[in-house]
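Peer 1: Sequence first, predicted model second:
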Amino acid sequence: MVLRLLFAPVTGIGWIAEQIQERVDTELDQTENLSKRLLALQLAFDMGEISEADFEAQEEELLLAIQALEDEQAESQ
């Protein structure tokens, strides 16, 4: 019981570090997924699978989502 009380701050700090790491990993995964979707979109356009109008609309949507994630990451730092 006494050891548990002594190590509680260390355990708490460890838990906080895990939560921060999980959030960073999630944000990186989201950015990576958006970047992959952007690349796939570019390839589809280059191969003539989608029109220029569709490409531009989808590209803008993905770029805005990437920018929003980057802004969110900058605010949290």
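Peer 2: Right, received. Where do you want to start?
Peer 1: which helices and strands does the longest helix seen in the chain pack with?
Peer 2: Identified as the longest helix of the chain according to DSSP state H is helix 2-46. Counting contacts by 3 or more C-beta pairs under 8 Å, 6 or more residues apart in numbering; DSSP states H and E, helix 2-46 is packed against helix 52-76. Any C-beta I mention is one placed from the backbone N, CA and C, and that applies to glycine too.
Peer 1: gap between the helix it packs on and the chain center?
Peer 2: 12 Å (C-alpha atoms, centre = their mean, to the nearest Å).
Peer 1: re the thing from before, now the longest helix of the chain: mean pLDDT?
Peer 2: Mean pLDDT, helix 2-46: 79.
Peer 1: And for stretch 64-77?
Peer 2: For stretch 64-77, mean pLDDT rounds to 86.
Peer 1: Mind listing what's buried along that stretch?
Peer 2: Ala65, Ile66 (16 or more other C-beta atoms under 10 Å).
Peer 1: so who does Phe55 touch?
Peer 2: Contacts were defined as C-beta atoms under 8 Å, 6 or more residues apart in numbering; by that measure Phe55 touches Leu41, Gln42, Ala44, Phe45.
Peer 1: now do Ala68
Peer 2: Taking C-beta under 8 Å, 6+ apart, one finds nothing in contact with Ala68.
Peer 1: Quick one: neighbours of Leu34, just the number.
Peer 2: Per other C-beta atoms under 10 Å, the neighbour tally for Leu34 reads 19.
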